[in-house]
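1. Can you look at this prediction? I've put the sequence above it.
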Amino acid sequence: MNINNNSTDSNLHRNQPFSLVAILVLSSILVACGGGGASSNLAATPTTPPAAAPDPTPQPDPQPDPEPDPILEDIDLQLQAIILEQGLTGSPETGRNLPSINDPLPQLGKMLFFSKSLGGDMDAACVSCHHPLLGGADELSLAVGVGALNPDLLGPGRVDSDALPDVPRNSPTVFNIGLWDHGLFMDSRVESLNPTALANGADGGISTPDTASNVTDVNAGANLPSAQARFPVTSDAEMKGVVFEPGSAGDAIRTHLAERIGGYGSGGGELATNTWINEFQTALNSTQDATQLINFESIAFAIGEYERSMLFVNNPWFNYIQGDTDALSNQQKDGAVLFYSSVDEGGGGCSNCHSGDLFSDELFNVVAFPQLGPGKGEGATGDGDFGRESISGDRDDRFAFRTPSLLNIEVTAPYGHTGAYDSLDEVLNHYDNANNNVGNFFDDEELCDLAQFQDVPDCVNLYPNGEANSDDALDELQAERRAGTSLFDNTNMNNQEERDVVAFLRALTDPCVLNDACLAPWIADTGSTGPDDNQLNAEFSN
């Protein structure tokens, strides 16, 4: 026992240094592992590990630094000042209530616009003189309405039996007709008596040829375009003809035409095929019959809405105004400066009249373009055209015509109230020196260079009083200049400057009006003959 005890003690003492080291090492390990503590128990309960830290909030992807404002060239700075001074927005449609071509009423109006059934003798339609593919007009110096040898041939080549046009003026474009607030036609014979910006004539009364000047026509309709649509159908030369309703007043003509379309009353049975009631019921969302739905008021309103849907203002100049400094070429920028600069500053002074986003002051000015054609029955010889004076009765308005818009001017040639100039270059030459240019027009027999008259026998003698009538207008222009009332001064621009201005004028073209596919929504389905088998599906000579 003792031996055994001694032996045990002896081993214990021999191993004591090792045991202390082991304990110390183990204690260190336990402490390092989170064990140990005040208790002498080496198997102490481990503590709960701390909760994991939440994932850091994801940071957004870094955003690129904003593009610095473009550094403007001197000419851009000059144009920015002009834009501010002129109050231009580049958005003439803003604030206007214009329909879409896809709306039901413009769709009905399109069918009516293309129907020869609204022509008294059923050989002319509104589109005869205002086709979208012809710049919203007809590309003729003077319009050819009724009596065309081929009623479906539009534009160059459209002639009647004597090859002489009977309509006394050039056809104005219907493009952007919803942007006018004062009046329509070259003499504003359809005129708002309370012209309100952005209203298109919808505020206040409208005077028309059915009333005296400045007298409200209670039947004018909702706005200027619907009022305008009431009058070509009453003109012998434009749409009525001489067989239908001879000598009748305007209201009788319109009533007969409405009853023709509706298939009732005096016009009942005149159309062998007639499904117009279906089209009116769809457009007007109504189940009423033709006698209630189809009258000339609803016809004119639908046509007007179709015309008002023709908004073509997406052009490079407006894009430039809205901040795209690359929208214009350098030449177009030079032309813009010349356009807006006064004659005294070496420019054209064009914005004296062609102002605002419409490029028209909607007022009347004497510019004395050549007078040709049958005239309006005025003057000593009966073939003159006194312009606005024939509407206002004011002698001061003689030879004054409404300032045309220049939007899409590239596609609306020929120019002037008689279409005497077939290029913008000729127009600028006239503004450089009206007297010389008109003199050259007659001396050089330029009438016979116009496409419409090239093949007419004895062309030079067609309008023997044309030069005298034109000289009268030039005299009026000179009288205004002497009185200090004319806004038109000779420009004195050189050839390069005139080319620059023409380049700028082409920057007013919406690309859509140059593209057949883009214009297709405004053209009646050529695979159809319409609700009356009398749709005008246009033919063109080129």
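-> Looks like it arrived, so ask away.

2. quick one, what contacts residue 234?
-> Going by Cβ atoms under 8 Å, 6 or more residues apart in numbering, residue 234 touches 240, 250, 253, 254. Every C-beta, even on glycine, is put in place using the N, C-alpha and C of the backbone.

3. and the third one, what helix or strand is that in?
-> Under the criterion of DSSP states H and E, residue 253 resides in helix 250-262.

4. pLDDT below threshold where in the stretch 351-500 of the chain?
-> The stretch 351-500 of the chain contains no residues with pLDDT under 70.

5. Which parts of it are helices?
-> Counting by DSSP state H, counting those that start in this stretch, the stretch 351-500 of the chain has helices at residues 389-392, 424-432, 434-443, 466-483, 495-506.

6. try the stretch 1-150 of the chain
-> For the stretch 1-150 of the chain, the helices defined by DSSP H, counting those that start in this stretch occupy 2-32, 74-86, 104-113.

7. Find the nearest non-adjacent residue to the most centrally placed residue in the chain, please.
-> Centroid check for the chain by Cα atoms, centre = their mean gives residue 312 as the closest residue, at 2.8 Å. Using Cβ to Cβ, 6 or more residues apart in numbering and skipping residues adjacent in sequence, the residue nearest residue 312 is residue 510, 3.9 Å away.

8. Now do the same for stretch 213-229: mean pLDDT, whole number.
-> For stretch 213-229, the mean per-residue pLDDT is 97.

9. How about stretch 161-180?
-> Here the average pLDDT along stretch 161-180 is 97.

10. measure that stretch end to end?
-> 36 Å (Cα to Cα, to the nearest Å).

11. List the buried residues for that stretch?
-> For stretch 161-180, burial by neighbour count (16 or more other Cβ atoms under 10 Å) applies to 164-180.

12. before we move on, back to that, just the closest of the contacts of residue 234 to residue 383, please.
-> residue 240 (21.5 Å; Cβ to Cβ).

13. just how off-centre is stretch 128-145 within its chain?
-> 17 Å (Cα atoms, centre = their mean, to the nearest Å).

14. So for it, mean pLDDT?
-> 98.

15. about what we covered before: filter the contacts of residue 234 down to the buried ones.
-> The neighbour-count test (16+ other Cβ under 10 Å) marks 240, 250, 253, 254 as buried among the contacts of residue 234.

16. What sits closest to the last one if chain neighbours are left out?
-> Once its chain neighbours are removed from consideration, residue 254 has its nearest residue in residue 296; the separation is 3.9 Å (Cβ to Cβ, 6+ apart).

17. Show the pLDDT at the one you found.
-> Listed pLDDT for residue 296 reads 98.

18. What is the neighbour count of the nearest residue to residue 523 once chain neighbours are set aside?
-> In space, and not counting its chain neighbours, residue 523 is closest to residue 132: 5.8 Å by Cβ to Cβ, 6+ apart. By other Cβ atoms under 10 Å, 25 other residues sit near residue 132.

19. I figured residue 132 hits residue 524, correct?
-> No. Applying Cβ atoms under 8 Å, one finds residue 132 not in contact with residue 524, separated by 10.2 Å.

20. Distance-wise, check the residue nearest to the centre of the chain relative to residue 146.
-> 29 Å (Cβ to Cβ, to the nearest Å).

21. Return the residues in contact with residue 488.
-> Listed by Cβ under 8 Å, 6+ apart, the contact partners of residue 488 are 349, 352, 353, 365, 366, 367, 431, 434, 477, 481.

22. Surely residue 535 touches residue 115?
-> Yes. Between residue 535 and residue 115 there is a contact under Cβ under 8 Å: 5.9 Å.

23. Those two: who's more crowded?
-> Neighbours were counted for residue 535 and for residue 115 using other Cβ under 10 Å; residue 115 has more, 26 against 20.

24. That one against residue 534, yeah?
-> Yes. Under the contact definition of Cβ under 8 Å, residue 115 touches residue 534, with a separation of 5.7 Å.

25. Chain neighbours aside, what residue packs nearest to residue 230?
-> residue 300 (5.1 Å).

26. Please identify the helix or strand for that neighbour.
-> Assessed by DSSP H and E, residue 300 sits inside helix 296-308.

27. For that helix, name the packing helices and strands.
-> helix 104-113, helix 224-228, helix 250-262, helix 276-284 (3 or more Cβ pairs under 8 Å, 6 or more residues apart in numbering; DSSP states H and E).

28. Using JSON lines, please lay out these together with distance to residue 186.
-> Output for these, formatted as JSON lines (distance: least, Cβ to Cβ, whole Å):
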{"stretch": "helix 104-113", "distance to residue 186": "20"}
{"stretch": "helix 224-228", "distance to residue 186": "12"}
{"stretch": "helix 250-262", "distance to residue 186": "20"}
{"stretch": "helix 276-284", "distance to residue 186": "31"}
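
29. Out of the ones you listed, which gets nearest to residue 443?
-> When the helices and strands packed on helix 296-308 are compared by Cβ to Cβ, helix 224-228 sits nearest residue 443, at 37.6 Å.

30. just the CA coordinates of that closest one, formatted as CSV?
-> In CSV, the C-alpha atoms belonging to helix 224-228 read as follows (Å, rounded to 0.1, in the frame of the first residue of the first chain):
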residue,chain,number,x,y,z
LEU,A,224,-63.3,79.2,-89.3
PRO,A,225,-62.7,75.9,-91.2
SER,A,226,-66.3,74.7,-90.9
ALA,A,227,-67.4,78.2,-92.1
GLN,A,228,-65.0,78.0,-95.0
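
31. Tell me if residue 521 really is in a helix.
-> Yes. Using DSSP: H, G, I helix; E, B strand; the rest coil, the assignment for residue 521 is a helix.

32. check contacts around residue 268.
-> Residues in contact with residue 268 (Cβ under 8 Å, 6+ apart) are residue 259.

33. now what about stretch 441-449, what contacts it?
-> Contacts for stretch 441-449 (Cβ under 8 Å, 6+ apart): 370, 372, 420, 422, 440, 453-454, 456, 459-460, 462-463, 466-467, 470.

34. Are any of these buried, and if so which?
-> Counted by 16+ other Cβ under 10 Å, those give 370, 372, 420, 422, 453, 456, 459, 462, 463, 466, 467, 470 as buried.

35. backbone phi and psi for the third one, please?
-> Pointing back at residue 420 there. phi -80, psi -20 (degrees, to the nearest 10).

36. thought it was touching residue 429?
-> No. Assessed by Cβ under 8 Å, residue 420 is found out of contact with residue 429, at 11.9 Å.

37. can you pull the contacts of residue 148?
-> 123, 124, 128, 158, 159, 160.

38. go on, residue 321?
-> Here residue 321 is in contact with 83, 88, 89, 90 (criterion: Cβ under 8 Å, 6+ apart).

39. Which of the contacts of residue 488 sits closest to residue 489?
-> Distance ranking of these against residue 489, using Cβ to Cβ, places residue 349 first at 5.9 Å.

40. so how many other residues sit close to the closest one?
-> Neighbours of residue 349 (other Cβ under 10 Å): 21.

41. ok, now residue 526?
-> So residue 526, with other Cβ under 10 Å, has 11 neighbours.

42. likewise residue 264?
-> Count around residue 264 with other Cβ under 10 Å applied: 16.

43. Use 9 as the first number for this chain going forward.
-> Shifting the count to begin at 9 puts that one at residue 272.

44. I'd like the distance between it and residue 261.
-> Distance from residue 272 to residue 261, by Cβ to Cβ: 17 Å.

45. do the same with residue 160
-> Going from residue 160 to residue 261 by Cβ to Cβ gives 23 Å.
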